[in-house]
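Undergrad: 3D, please:
(one chain, ligands or ions: 3)
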Amino acid sequence: MTKKILVLPGDGIGPEIVTEAMKVLNVFVDEGSLNIEAEYAHIGGAGYDAEGKPYPKSTQTLAKAADAILLGAVGGPKYDTLDRPLRPERGLLAIRADLGLYANLRPAILYEELASASSLKPELVANLDIMIVRELTGDIYFGQPRGIETLPNGERRGFNTMVYTESEIERIGRTAFDTAMKRGKKLCSVDKANVLETTELWREVMIRIGKDYPEVELSHLYVDNAAMQLVRAPKQFDVMVTGNIFGDILSDAAAMLTGSIGMLPSASLNKSGVGMYEPIHGSAPDIAGKGIANPLATILSVAMMLRYSLNQPELATRIEAAVKQVLAQGKRTGDIYTEGCEKVDTIAMGAAIVAALRS
Ligand SMILES: NC(=O)c1ccc[n+]([C@@H]2O[C@H](COP(=O)([O-])OP(=O)(O)OC[C@H]3O[C@@H](n4cnc5c(N)ncnc54)[C@H](O)[C@@H]3O)[C@@H](O)[C@H]2O)c1
Ligand SMILES: CC(C)[C@H](C(=O)O)[C@@H](O)C(=O)O
Ligand SMILES: [Mg+2]
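TA: Ligands and ions are numbered 1, 2, ... in the order given. Have a look, this model is predicted:
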């Protein structure tokens, strides 16, 4: 059956990396092992430029009909002065909320060829394989009230609200426990229960649902300690589960353990298995248009799409093997480059993955 893929390149390096990722996906189409229909639409600043909104109605209509979505990145300094609802990042939040993509899986895996590019000593990251399960449609990102207001004394006050319902915590908790059951059966829940009531409830719910998963070893860390432990001894972790804001921060930190933020893919899933796939990094305005961005996080996001939405785990494994093979050949974009390797640009990295898949 033909699957509908919606492609949202977005802003900055988004179009550059998505172009390479689509070349990779099309290898399977060309060889006859995948049947897809790809449509393109605008999101973020590109949505604003084309249709005046970061999540245009036309994009929404296509998104609702898609089996899976591939997204590049959104944002950039050009849009930072727009009215808040028009900013690119709001478009990303809107599509996540609109499709109910509450479960964000962010795997931090070290390819052994990149051990010397990690921010930690090779022995601390050898065989690193952590799955960060980040809640994606709640927390301080969406809580009301929010805003910036002027007080009677003329001073301005900015405010946001951290909020989670028990059912929201339970559903992401179950995703995390189910994930842990398929892996090393260790789950670390990250919160700030010593200070924030929202996460006091988070911990209580995690402990309660943990009773349904007696085989999973559940532990808890405060987020400040979790950040420290991630850069001290990351191999103690198997699956981590946390809220939206803590997950955002911890996943960028975890990325550096694998060599670069340009290596980390993600899957954002809803109840019905529809997924959006995107690298965890942003639009990288500092390198946009230079053709040097690392496309591997986006290419690995395509692998996650094949695994989680398109029911093609063998094709996903082939992409991951191709990435390993190309890294073993010594090819590196600038962000993961170390001495003695061959520095390649975005297009050459994409071409190398395509060649590895075809060989
Ligand atoms: N999912 C998303 O679309 C997303 C995620 C994060 C940030 N953003 C947005 O992106 C814009 C820039 O944000 P930022 O600079 O804080 O974060 P960023 O992730 O875009 O960039 C941080 C640093 O990492 C580098 N980098 C990122 N991706 C790379 C890649 N694939 N290859 C090589 N280097 C890479 C950048 O060059 C930069 O030095 C902002 O508008 C922000 O809101 C979007
Ligand atoms: C751009 C921003 C809204 C987004 C987030 O905070 O979720 C990004 O940082 C991410 O990690 O996907
Ligand atoms: Mg982020």
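
Undergrad: Hmm, Met349 is touching Gln329, no?
TA: No - the criterion here is Cβ atoms under 8 Å, and Met349 misses it with Gln329 at 10.8 Å. Just so you know, the C-beta spots here come from the backbone N, C-alpha and C atoms, and that holds for glycine as well.

Undergrad: any idea how far ligand 2 is from the most centrally placed residue in the chain?
TA: In the chain, the residue lying closest to the centroid (Cα atoms, centre = their mean) is Ser266, at 3.2 Å. Separation of Ser266 from ligand 2 (Cβ to the nearest ligand atom, to the nearest Å): 7 Å.

Undergrad: quick one on the thing from earlier: what about Met349 and Gln329, which has more around it?
TA: Ranked by neighbour count (other Cβ atoms under 10 Å), Met349 and Gln329 place Met349 first, with 26 against 15.

Undergrad: what's the helix or strand for that one?
TA: Secondary structure assignment for Met349, by DSSP states H and E: helix 346-358.

Undergrad: How is this structure divided into domains?
TA: The chain is divided into the following domains under automatic domain parsing: 1-106+270-359, 129-257.

Undergrad: tell me the most buried of those?
TA: Most buried of the domains of the chain by mean neighbour count (mean count of other Cβ atoms under 10 Å) is domain 1-106+270-359; its value is a mean of 20.

Undergrad: and the end-to-end length of it?
TA: Taking Cα to Cα, to the nearest Å, domain 1-106+270-359 runs 27 Å from one end to the other.

Undergrad: all numbers from here: first residue = 658
TA: With 658 as the first residue, the last one maps to domain 658-763+927-1016.

Undergrad: what secondary structure does Gly689 sit in?
TA: Put simply, Gly689 is coil when judged by DSSP: H, G, I helix; E, B strand; the rest coil.

Undergrad: Give me the pLDDT for Gly930.
TA: Gly930 is assigned 82 on the pLDDT scale.

Undergrad: residue ranges for the helices of this structure, please.
TA: In the chain, the segments counted as helices under DSSP state H are 671-687, 702-708, 714-722, 745-755, 779-782, 823-838, 854-867, 880-889, 901-914, 953-965, 970-985, 1003-1015.

Undergrad: Dump those into CSV; add distance to ligand 2 and mean pLDDT as well.
TA: CSV is the format used below for those (distance: least, Cβ to the nearest ligand atom, whole Å; pLDDT from 0 to 100):
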stretch, distance to ligand 2, mean pLDDT
helix 671-687, 12, 98
helix 702-708, 11, 98
helix 714-722, 16, 98
helix 745-755, 4, 98
helix 779-782, 21, 94
helix 823-838, 15, 98
helix 854-867, 17, 98
helix 880-889, 15, 97
helix 901-914, 4, 97
helix 953-965, 11, 98
helix 970-985, 21, 98
helix 1003-1015, 20, 98
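
Undergrad: Point out the one among these that comes closest to ligand 1.
TA: Closest to ligand 1 of the helices of the chain, according to Cβ to the nearest ligand atom: helix 745-755, at 4.8 Å.

Undergrad: The closest one - contacts with which helices or strands?
TA: In terms of contacts (3 or more Cβ pairs under 8 Å, 6 or more residues apart in numbering; DSSP states H and E), helix 745-755 is packed against helix 702-708, helix 714-722, strand 725-730.

Undergrad: okay, the angle between it and helix 671-687?
TA: With axes from the mean of the first three to the mean of the last three Cα atoms, to 10 degrees as the basis, helix 745-755 and helix 671-687 are set at 40 degrees to each other.

Undergrad: for helix 745-755, the distance to its chain's centre please.
TA: Offset of helix 745-755 from its chain centre (Cα atoms, centre = their mean, to the nearest Å): 14 Å.

Undergrad: How about residues contacting that helix?
TA: Here helix 745-755 makes contact (Cβ atoms under 8 Å, 6 or more residues apart in numbering) with 665, 667-668, 700-702, 704-705, 710-712, 716-717, 720-721, 726, 728, 731-733, 736, 741, 758, 793-794, 798-799, 925, 933, 940.

Undergrad: Which ones among the residues you listed also lie next to ligand 1?
TA: Subset of these in contact with ligand 1: 731-733, 940, counting by Cβ under 6 Å from any ligand atom.

Undergrad: contacting residues for the closest residue to Glu806 other than its chain neighbours?
TA: Spatial nearest neighbour of Glu806, chain neighbours left out: Arg814 (5.6 Å); criterion: Cβ to Cβ, 6 or more residues apart in numbering. By Cβ under 8 Å, 6+ apart, the contact list for Arg814 reads 805-808.

Undergrad: ok, so of the residues you listed, who is nearest Ala765?
TA: Ala765 lies nearest to Ile805 out of those, by Cβ to Cβ, at 34.4 Å.

Undergrad: how close does that closest one get to Lys843?
TA: Per Cβ to Cβ, to the nearest Å, Ile805 is found 42 Å from Lys843.

Undergrad: for the closest residue to Lys892 other than its chain neighbours, phi and psi?
TA: Excluding its sequence neighbours, the residue lying closest to Lys892 (Cβ to Cβ, 6+ apart) is Leu785, at 6.0 Å. Backbone torsions for Leu785, taken as degrees, to the nearest 10, come to phi -60, psi 130.
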